[in-house]
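> Show me how the following folds:
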Amino acid sequence: MKDLANKFDIVFPNFSTIQFDGSYTVKEPKNEKNGKLYQLTMTGIKGFAFPHEMSGISSSFAEKGGVKINKYEYLQHDCDGIMLFEHNGQKYILLSELKSTFSSSKIDYAKNQLVGSYMKIIGILSIFQGFKIQDYKVAGIIASFAPTDEQINSLSKTEDKKNVFAISLNRDRYKFMSAEKCNEFFAPLEVGDFPIYYVPVNNDQTSYSVNVINLLNL
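Predicted coordinates for the structure are as follows:
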């Protein structure tokens, strides 16, 4: 993994990876002073993170390619953090997204941000010698202010797919999107298995910390 990060840094020095040991904090810069969810510190891991600004720039190809006018618009969506880490000999690609508001539309958008960012980073990493996607497992994290009982009750009144997804994610703190389902929904793109973990945050906490090893049950 360090070898991959070094290769990336050589080719793209303006987006050099950030090595971390023990914890890494993902931030939503625009939320620093507005009382919304600003940062999520992920502990228990060490690895390499890609700079926040890289995601937006990597979306330009998708945007100029016309994805905005078809159902592949998620390819121009960006998540807040992308990291590589290893645990017990297994390599992981970890993506995270912070949302202050819990709603079916926000959670669905966050899901698409994670998948879109994953597809783009895989496209970039696949140009490097020695990189094999089968060597990595992917995991996505969505953190948001926890929904109220009223919000959940309101969502449960309809069988809208976005509502069902949001309710399930909040209830189980986890949603496994199988390769079969992902590849069917995102066709003709190859996504593979995509598990998403949910981290609820108290509404008065703009900063939160979570142990990734415990969250992912590794």
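> Identify the residues contacting Phe48.
For Phe48, the contact set (CB atoms under 8 Å, 6 or more residues apart in numbering) comprises Met1, Lys2, Ala5, Thr17, Ile18, Gln19, Phe20, Met83, Leu84, Phe85. Bear in mind the C-beta positions are built from the backbone N, C-alpha and C, glycine included.
> Quick check: closest non-adjacent residue to the fifth one.
Going back to what we said before, that points to Ile18. Ala49 (4.5 Å; CB to CB, 6 or more residues apart in numbering).
> can you tell me the helix or strand for the one you found?
strand 39-50 (DSSP states H and E).
> Helix, strand, or coil at the residue of the chain most remote from its centre?
Each residue of the chain has a distance to the centre, and by CA atoms, centre = their mean the biggest one is for Lys157: 28.2 Å. Here Lys157 is recorded as coil under DSSP: H, G, I helix; E, B strand; the rest coil.
> Quick one: mean pLDDT for the lengthiest helix in the chain?
Across the chain, the longest stretch assigned as helix under DSSP state H is helix 104-125. Averaging pLDDT along helix 104-125 yields 92.
> distance between the helix or strand just after it and the chain's centre?
Going down the chain from helix 104-125, the next helix or strand is strand 136-145, by DSSP H and E. How far strand 136-145 lies from its chain's middle: 5 Å, per CA atoms, centre = their mean, to the nearest Å.
> before we move on, what about stretch 72-81?
Relative to where its chain is centred, stretch 72-81 has its mean C-alpha point 9 Å off (CA atoms, centre = their mean).
> Could you pull out the buried residues of that stretch?
Tyr72, Tyr74, Leu75, Gln76, His77, Asp78, Cys79, Asp80, Gly81 (16 or more other CB atoms under 10 Å).
> Just the buried ones from the contacts of Phe48?
Buried among the contacts of Phe48 by 16+ other CB under 10 Å: Ala5, Thr17, Phe20, Met83, Leu84, Phe85.
> so of those, which ones are in helices?
Secondary structure from DSSP H places Ala5 of the buried ones among the contacts of Phe48 in helices.
> want to throw the buried ones among the contacts of Phe48 into JSON lines with distance to Ile133?
Shown next, in JSON lines, are these (distance: CB to CB, whole Å):
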{"residue": "Ala5", "distance to Ile133": "16"}
{"residue": "Thr17", "distance to Ile133": "18"}
{"residue": "Phe20", "distance to Ile133": "23"}
{"residue": "Met83", "distance to Ile133": "16"}
{"residue": "Leu84", "distance to Ile133": "12"}
{"residue": "Phe85", "distance to Ile133": "16"}
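> CSV please, covering the buried ones among the contacts of Phe48 and showing pLDDT and distance to Cys182.
Below are the buried ones among the contacts of Phe48 laid out as CSV (pLDDT from 0 to 100; distance: CB to CB, whole Å):
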residue, pLDDT, distance to Cys182
Ala5, 96, 27
Thr17, 96, 26
Phe20, 97, 29
Met83, 97, 21
Leu84, 97, 21
Phe85, 97, 22
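> so of the buried ones among the contacts of Phe48, which ones are in strands?
Under the assignment DSSP state E, these contribute Phe20, Met83, Leu84, Phe85 to strands.
> Spatially, which two of those are the most separated?
Phe20 and Leu84 (10.4 Å; CB to CB).
> Check what pLDDT the residue nearest to Ile18 gets.
97.
> wait, it sits on Phe20?
Yes: with contacts counted by CB atoms under 8 Å, Ala49 reaches Phe20, the gap being 6.2 Å.
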